[in-house]
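Novice: Okay, sequence plus prediction incoming.
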Amino acid sequence: MLGIGHHDVKLAPEEWERIVTWLDCNSLFYGAYREPVRQARGELVVPRLGFLADHAR
């Protein structure tokens, strides 16, 4: 989306590299921050819903 234009956003090459690196480093995981060993083995780890509600106490 950024490549074809999104609200006239223009990224410098360094900004593209930062975004691509961030995606490459984090795309293996759902972002659930649980069971990273299983995720690293390629197993499906479904994110828990309601995480914030559980920890807002």
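Specialist: Cool, the structure landed.

Novice: hey, let's count contacts and neighbours off CA atoms from now on
Specialist: Noted.

Novice: For the protein, which segments count as helices?
Specialist: Ranges of helices in the chain, per DSSP state H, are 13-26, 36-40, 51-55.

Novice: on contacts alone, who are the packing partners of the second one?
Specialist: The reference is to helix 36-40. The criterion is 3 or more CA pairs under 8 Å, 6 or more residues apart in numbering; DSSP states H and E, and there are no helices or strands that helix 36-40 contacts.

Novice: next one: it to chain centre, how far?
Specialist: Chain-centre distance of helix 36-40: 15 Å, with CA atoms, centre = their mean, to the nearest Å.

Novice: Would you mind putting the CA coordinates of that helix into CSV?
Specialist: Taking Å, rounded to 0.1, in the frame of the first residue of the first chain, the C-alpha atoms of helix 36-40 are listed here in CSV:
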residue,chain,number,x,y,z
PRO,A,36,7.7,-18.7,21.0
VAL,A,37,9.5,-22.1,20.9
ARG,A,38,6.4,-23.7,19.3
GLN,A,39,6.1,-20.8,16.8
ALA,A,40,9.8,-21.1,15.9
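
Novice: That one: which residues count as buried?
Specialist: Judged by neighbour count using 16 or more other CA atoms under 10 Å, the buried positions of helix 36-40 are Pro36, Gln39.

Novice: Quick one: mean pLDDT for it?
Specialist: Mean per-residue pLDDT for helix 36-40: 83.

Novice: where does the protein have low pLDDT?
Specialist: Applying pLDDT under 70 to the chain picks out residues 26-32, 50-57.

Novice: and if we set it to 80?
Specialist: The model of the chain has pLDDT under 80 over residues 1-3, 5, 25-33, 46-57.

Novice: Straight-line length of stretch 7-20, end to end?
Specialist: Using CA to CA, to the nearest Å, the end-to-end distance of stretch 7-20 comes to 20 Å.

Novice: contacts for it?
Specialist: For stretch 7-20, contacts defined as CA atoms under 8 Å, 6 or more residues apart in numbering pick out Leu2.

Novice: Which positions in it come out as buried?
Specialist: In stretch 7-20, counting by 16+ other CA under 10 Å, buried: nothing.

Novice: all numbers from here: first residue = 731
Specialist: Yes, from this point I'll number from 731; that puts the last item at stretch 737-750.
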